[in-house]
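Student: fold the following and give me the result.
(chains A and B)
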Amino acid sequence: GAGVSQTPSNKVTEKGKYVELRCDPISGHTALYWYRQSLGQGPEFLIYFQGTGAADDSGLPNDRFFAVRPEGSVSTLKIQRTERGDSAVYLCASRSGAADTQYFGPGTRLTVL
Amino acid sequence: GQQLNQSPQSMFIQEGEDVSMNCTSSSIFNTWLWYKQDPGEGPVLLIALYKAGELTSNGRLTAQFGITRKDSFLNISASIPSDVGIYFCAGRSTARQLTFGSGTQLTVLP
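Tutor: Reported below is the predicted structural model:
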């Protein structure tokens, strides 16, 4: 597709469960970002990949959060032992190497009951 | 995490009116950006500003990068119903990550 896609669009889980959220960036984009957006707030940075490696993971809130991008394209955000406070929209964005513009996907709405 | 101070939080305006919103920060940014987000969608870039003092237009939108590099404003002229949405400012420092404001919810009344 032409844009960033994210799956699932909605995820409902129970407290303590493990979840995986997937991001398919725009083809050829080397940089990939994850953000978390709580209700009524702007997106907050979580992690940034340049190629396969995490160039900056300073926004991950704790060690329950982990992200991978093994082949430098698709990325998966993994959350262990989910808590109700993890409920938010998780946004993915990608950027081509030389450009500044980040293109956002529609997000995954995570609800932890 | 750090967020920019964006105001107003919400605005109700009549169709055809002009609207202005702004962002301030305690930190310096090298780039200021303005995004619009519709329900169920990710933010879409409207305008990017790269130099202090820069004034840039995109159709009915005008944005400026403050001289101090700590603030920016966005103006929308002659508002129309499709301008409804949430507008976010974002700043980028030397790191590639973006720091977002908390958003301005714009409602355009017919």
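Student: any idea how many residues pack against B:M21?
Tutor: 23 (other C-beta atoms under 10 Å in any protein chain shown). Heads up, the C-betas are built off the backbone N, CA and C, glycines and all.
Student: that one touches B:D71, doesn't it?
Tutor: No: taking C-beta atoms under 8 Å as the definition, B:M21 is not a contact partner of B:D71, at 11.6 Å.
Student: who touches stretch B:91-102?
Tutor: Residues outside stretch B:91-102 that contact it (C-beta atoms under 8 Å, 6 or more residues apart in numbering or on different chains) are A:31, A:33, A:35, A:40-45, A:48, A:55-56, A:59, A:95, A:100, A:102, B:1-6, B:9, B:23, B:25, B:27-33, B:35, B:72, B:88-90.
Student: in that stretch, which residues are buried?
Tutor: Neighbour-count burial for stretch B:91-102, counted by 16 or more other C-beta atoms under 10 Å in any protein chain shown, picks out B:G91, B:R92, B:R96, B:Q97, B:L98, B:T99, B:F100, B:G101, B:S102.
Student: now do stretch A:17-36
Tutor: A:19, A:21, A:23-26, A:29-36.
Student: residues from chain B in reach of chain A?
Tutor: Proximity of chain B to chain A (C-beta under 8 Å from any C-beta of the partner chain) is limited to residues B:1, B:3-4, B:6, B:31, B:40-45, B:48, B:50, B:88, B:90, B:92, B:95-103.
Student: list the helices and strands the strand or helix carrying B:T62 packs on?
Tutor: B:T62 belongs to strand B:61-65 when assigned by DSSP states H and E. Applying 3 or more C-beta pairs under 8 Å, 6 or more residues apart in numbering or on different chains; DSSP states H and E, we find strand B:61-65 packed against strand B:31-37, strand B:44-49, strand B:55-58, strand B:71-76.
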